[in-house]
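Asks: Got a predicted model here, sequence first, then my questions.
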Amino acid sequence: MSSPSSRRSDRPHLRGPQAFESIAALQGFVKGPVVTGAPVLVDQGTIDAFGHATGDLQWIHTDPARAALASPFGSTVAHGLLTLGLVVSSYQACFAFGDASLSLNYGFDKVRFTGAVPAGSRISTSFSLEDVAVLEAANARCFWHVVVHVEEQERPALVADWITQVRFGAAPQTRGRDRAAS
């Protein structure tokens, strides 16, 4: 069995942005090229801000002096959930959905934190569209395989199967929305 970082290496690789104007365009991209976003710096300030926002102030993330002495990585490392959260900004930079009236995170089927992201590292995220399920009223559910790579490391930091949903065209009217006001 091939490793998560290499199992899709036979596909062509592109840099974003890729634009989709319809569900048919998404379907045409299934099992197609891997799209990789621009590298993003994960610095100590970002790690500290995430730690304060989430309350996860464990020393391995927020105490560079202690981490230099006691961490198996020799430095502080990004929170796994910070790495996962950075997938979103890379996705938004890599893909555009034309006249979509809605694009949302539907969830993850699998997330694995397979390597550390040391403070000061640059990461890049790769996306491959594995499937598209067509739903009612111009909605599609997209199944992405996501890999976060750390520059100068062979092993990826994160491997995930992510589901997003997109609606093309005008948003439907919300029933009962104005009833609460009366």
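Replies: Sure thing, it's come through.
Asks: Surely Asp99 touches Glu21?
Replies: Yes. Between Asp99 and Glu21 there is a contact under Cβ atoms under 8 Å: 7.1 Å. All C-beta atoms are positioned from the backbone trio N, CA, C, and that covers glycine.
Asks: Show me whatever sits in contact with both of these two.
Replies: In terms of Cβ atoms under 8 Å, 6 or more residues apart in numbering, Asp99 and Glu21 are both contacted by the residues Phe168.
Asks: Count the residues that sit near Pro126.
Replies: Quick fix: residue 126 reads Ser, not Pro. 22 (other Cβ atoms under 10 Å).
Asks: Which residues belonging to stretch 19-38 are considered buried?
Replies: Buried residues in stretch 19-38, counted by 16 or more other Cβ atoms under 10 Å: Phe20, Ser22, Ile23, Leu26, Phe29, Val34, Val35, Thr36, Gly37.
Asks: what are the ranges of the helices in this protein?
Replies: For the chain, the helices defined by DSSP state H cover 23-29, 44-54, 59-62, 64-70, 80-94.
Asks: Which elements pack onto the shortest one?
Replies: This means helix 59-62. In terms of contacts (3 or more Cβ pairs under 8 Å, 6 or more residues apart in numbering; DSSP states H and E), helix 59-62 is packed against helix 44-54, helix 64-70.
Asks: circling back: nearest to Cys142, of the helices of the chain?
Replies: Closest to Cys142 of the helices of the chain is helix 23-29 (Cβ to Cβ; 6.3 Å).
Asks: Need the contact partners of the closest one.
Replies: Helix 23-29 is contacted from outside by Gln18, Phe20, Leu129, Val132, Val134, Ala138, Ala140, Cys142, Val166, Phe168, using Cβ under 8 Å, 6+ apart.
Asks: Let's test this: name the helix or strand in this protein with the lowest mean pLDDT.
Replies: Every helix and strand of the chain was ranked by mean pLDDT, DSSP states H and E. The lowest is strand 13-15, at a mean of 77.
Asks: So what are the sheet partners of it and their directions?
Replies: Paired strands of strand 13-15, with direction, are strand 34-36 (parallel) (DSSP bridges).
Asks: wouldn't Asp109 be in contact with Asp161 here?
Replies: Yes. Contact criterion Cβ under 8 Å: Asp109 and Asp161 qualify, at 4.3 Å.
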